[in-house]
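> predicted coordinates and the sequence they were generated for:
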Amino acid sequence: MNTVPQIIFPVAIPLIAAFLLPIAGRCHAGFGRIFGRAAVLVTFLASALLAWQVAGAGPASSAMGGFKAPLGIVFYADNLAMAFVLLLNIGVWLFWPSGDEDRSGPYTLLLTLLGGGAGLVLSGDLFNIFVFYEIVAVASYGLAASGGSAAGFGASLRYLLLSALGSSLALMGIALVYAAAGTLNLADLALLAPDVLRGPPGAAAFLLLLIGFGVKAELFPVNSWVPEIYASAPVRVTSLLAGIVSKLALIVILRFLVLVFPMPSAYGLLLTLGILGVLAGELAAYRARDLNSTFAWSSIAQLGVIAIAFSIPGPAGIAAGIALALHHAVVKPAFFFIADKWRGDVKLLSGGARTSPLVAALFVLLSLSIIGIPPLPGFWAKYLLLDAAFSSSPAYWLAAAVVLAGAVVEGAYLFRAAGFFYGGPQKGRGAALFMPGELVPAFVLGAVLLVAMFAIAPLGAYITSMAVQAADVPAIAAQILLGGN
Amino acid sequence: MSLLLRRRFFWEEIDLMSLLDILLLVAALLASGLFVLGRGSFAGWLATVVYGLMLAVLAIAGLALDSGVAFIPSAMSFEILGRNLGWRLDGLGWFFALLTVGAAFFASWYGSGEWGRKQKRMGLQHALLALNVLAMLLLLSSGDLLSLFIGWELVSWAAFAIMTQGGGPAVAAAYRYMIYALAGAMAVFAAIMLVQNVTGGLGFADLQTAISAMSTAQVWVLFILFAAGFGVKMALMPFHLWQAPAYSETPGASSAFLNAVSARMGLFALILVLVKLTGLEALGSLAIPFTFMSAKSALMWVAAITMVVPTFIALMQTDARMLLTWHGIGQGGYMLLGVLVGTSLGTAGGLMHVFNYATYQAALFLAVTAVIHRAGTSDLDELGGLITRMPWTYVTLLMGIIGLAGLPPMNGFVSKWMIYKSLLDGGQPLLLIMAFAATLGTILSVYKLIHNIFLGQLRREHQHLKEAPVSMVLPMLILAGIGFVTGFMPGLALNITDIAQRAIGGDMLPHHLGGVTLATGSLNMLWVVGVLIGAIGAGALIFYLLGNRRYEVHQFDNYAGGHFLSADIRYHFSHEFYPGLARVIGPWYRGSIVRAEQGIGILVNVAGDLWQAVFRVAYTPLYMLLVVVLGLVFTGSWGIVP
């Protein structure tokens, strides 16, 4: 068994830094910003080191303070968890506020989000997952309102209400699990689940957890906050929430599904909500008239597709979900950066290709990838999904058909926007010029997409191994229960 | 004699491994080179020369394929996600590749001269044309279902890119095309994933294994997905609405290219998947319950309806480009019908029609573009009498429409004759009547085309027009010339279709230079054309020797409806051509498919609005409550019911 105490670092470093940052900011105005960035960098290095160890020596775990699994707090890291911890680190670094203002508030919240998000995917028991989920939620309320606009405050207040309601439902679910099984440790639950969590009580618990965690995962129908928040929050926050934080919540749901609730009703529930999410998101995005809400709704649809993938039992579905999640994490933030330049009606894009041809080309590239046009990475992710779906029961065939039809609608609204870029009024002023500096993260992500296109084979092998590891319930349970010391 | 037999031909010396690689590499270099250098005035000529070289490479490949090589492999292959992707060019792909590069050669030549200089961004058009050629070559040389799908998507998007170049209405038309093409592609995607699910592989052989392993219902699903998905590209009804506007609005030279070959990619894929891999017997045994029909006959009827209806829609068009593109849809029906008959005569006829259509449709489109170049419009109500100003364009158009209508001495007659004959021999009299009806519509509408543009009186504003420049006239005349030569000596074209037919499998059609000799009736175009020319010559002799003294009739000497009009009254009857016929067939134009298309659009809009309403923030906690309650009922019943 592989015991690695450093597993705590990705969680502890940013949280400690978050507490110290306001003090540092008070000492010297500019120091706070540098301190925050440095903390992210240190966290990234620690996470990368840990990921390296995990990739080499297999999944690792550690029990806090030496208290062993059923009683103590256990962290568990496999390749899947580490991949998303690293993704979160890179995301926070890339979407760090670029402004010159020396408010330490957003930096503190970002570091809190970083620590909480890492804890979310590394925790080995239900209660800690809930605690870290709340940390992430609180940080994201603050970040969503950090734009300072009245609309932003209103939106985050409604977001808070919805999220709090969801959390209380999740807590009820956890209570239900505890009442039935007498433990909240995921490994313990994995061993006990076949006996005590089969049947309606288990399914009800899963439903409550799904709805609760689904708020962050943009799951239908508790995602009504999405268009409003994404339209009013600063673009970097939007990119972080849509691109990465939503995936962390889905990973947690996946862990519940695989370890605790591997039963048909649970899979069926996630599948149903996923299909409804795809339908709702794509159709609503088609009717949206501004870029920001188009992408917000399209994000709901994409998360629905990932939910469908995770609802397919077995490693093939998990691999497809991971691939889709990684792809979406690259593409959607870049989209939001482009949209940020043209807030408001989609007609404002008119003539954009003449004033900023690179942005227009990037937009087309991202669109083609997210629709799933070969040989771009988005196609291979969709290929994995269809491959997994078609080898499952007919309900998944229906889901595959919905996803394919959704891609057509997606093409329709994305290329309607591209038409404004390239067409639009030939006379008169074109869309406003942009400063390329503002779009650096978007271009970085576009470049990542292109590089990934040439590395599909190794990426595919890596994702598949990740999925096999994440689906191997006995090994995970053994590692969590016995690995800590 | 023995020396001759032992002689090694030069193409046997060339490493066959490299021919396809050379072709793909050259196409890729050309496309990327033109994106960089496209602005230069030499770019078009460079591209034309390169296409010429590619034709030479294809010719060598054709000799190799003709000498019995099954296919030309490519060194390019990838292994991705446990699937092998490979490319190889067999006879079927080679045939379509020859047409593709040939069409690109003439389009590029045409666009390199004066016409191209007047275009806004000709460099980009040259580059996109090269990109289209590359994408099509990749599609045509695909070696498995996955590379077929990748090529399919590349072709779709490359065509989309070139369609948008017209700007304005062209962008709207291309957008409509894109949605159709995307829906078709998704159908194909689903189909190949179904195959993979059954066999665990995506090779062409896996498709054959899958069909024998699947239940009848599954085979039906597969058939419909493939037929609809590929049918979108060749505008089979009811997926045809996008094609005419999209091709018409594309700038002239590129449009001639798209018209000649782009829609044929759909035919290629249909032949490959349904005829070559699935087999017509399997399609024929796939019966539709409670009817006499099978999947094969259903598809034949779809082809027949595609042949007839768009032809009569073409008849009602008032724009020359729209008229031709609507005919393009109809001509696709002939090709598919011929191939689906399945006899050696039908297959050869269908394939030869692909070749013939490419020659005359490209020529026709280039001629109409020349008219637009000089007169500024292709509106059939605003032209007339141009024969005196643009005689060579007139000759091209005349030869083109004779081919399109399927009359001797042009090549269109030969392929249509072969298709008619195969229908007759195959015991399909109803389909034969459909084919005749479509041909009648074609003859009527092409007369309208040539009359409204070239015959009658010249308009005052066109008095000073000149003939199109040589750079435009020469390519289109050569295309028309090819149409005549392969009509006079169809054996030349049949030699080419032989290579494709051998790759499809089945019996070969014995033929000679002048046509075919069958037990049930033969065709020798050497005789037909000889007699035709002889008869016309004799008629001319009689007229000149025995007729009255020659009397020059000026173009403005009118005779209309029994009234003599003096030369100062201009009169050219073009508006509302065929009023009587229009009264009869007018009610057919209610456009039920147009309404279906609009209906789907409205449905998506309404559903989108509904979902947006669902997302109104105020209701959110209510939804949460609702979902929890419903979910508890759902999970509860799940626990109890099973």
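Thanks, I have the structure now.
> show me where the stretch 401-550 of chain B dips below the pLDDT cut-off.
For the stretch 401-550 of chain B, no stretch is flagged by pLDDT under 70.
> and if we set it to 90?
For the stretch 401-550 of chain B, residues meeting the criterion pLDDT under 90 lie at B:406-410, B:412, B:421, B:424-438, B:440-441, B:444-472, B:487-496, B:498-530, B:542-550.
> for chain A, what is the nearest residue in it?
Chain A sits closest to residue B:503 of the stretch 401-550 of chain B, with a gap of 25.0 Å, by Cβ to the nearest Cβ. In this view, the C-beta of every residue, glycine as well, is placed from N, C-alpha and C.
> so that residue makes contact with residue B:276?
Yes: at 7.3 Å, residue B:503 and residue B:276 qualify as touching, with contact defined as Cβ atoms under 8 Å.
> shared neighbours, these two?
Contact criterion Cβ atoms under 8 Å, 6 or more residues apart in numbering or on different chains; residues bridging residue B:503 and residue B:276 by contacting each: residue B:92.
> centre of the chain to stretch A:7-17, how far?
Averaged C-alpha coordinates place stretch A:7-17 at 20 Å from its chain's average position (Cα atoms, centre = their mean, to the nearest Å).
> just the CA atoms of it, as CSV, please.
Extracted in CSV, the C-alpha atoms of stretch A:7-17 (Å, rounded to 0.1, in the frame of the first residue of the first chain):
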residue,chain,number,x,y,z
ILE,A,7,-1.1,14.4,-0.2
ILE,A,8,-2.2,17.2,2.1
PHE,A,9,-0.1,19.9,0.4
PRO,A,10,-2.4,20.7,-2.6
VAL,A,11,-5.1,21.4,0.0
ALA,A,12,-3.1,22.9,2.9
ILE,A,13,-0.7,25.3,1.1
PRO,A,14,-3.4,27.4,-0.7
LEU,A,15,-5.6,27.5,2.4
ILE,A,16,-2.8,28.7,4.7
ALA,A,17,-1.8,31.2,2.0
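> helices and strands around the strand or helix carrying residue B:110, which ones?
Following DSSP states H and E, the helix or strand that holds residue B:110 is helix B:91-112. Helices and strands touching helix B:91-112, by 3 or more Cβ pairs under 8 Å, 6 or more residues apart in numbering or on different chains; DSSP states H and E, are helix B:43-66, helix B:122-140, helix B:252-257, helix B:264-270, helix B:344-375, helix B:470-488, helix B:491-504.
> mean neighbour count, the ones you listed: which tops it?
helix B:252-257 (a mean of 29; mean count of other Cβ atoms under 10 Å in any protein chain shown).
> residues making contact with it?
For helix B:252-257, contacts defined as Cβ under 8 Å, 6+ apart pick out B:103-104, B:106-108, B:110-111, B:115-116, B:125, B:128-129, B:132, B:162, B:165, B:247-248, B:321, B:361-362, B:365-366, B:368-369, B:372-373.
> what mean pLDDT does that helix have?
The pLDDT scores in helix B:252-257 average 89.
> one step back: which residues sit in contact with the residue of the stretch 401-550 of chain B closest to chain A?
By Cβ under 8 Å, 6+ apart, residue B:503 lies in contact with B:65, B:71, B:90, B:91, B:92, B:93, B:94, B:276.
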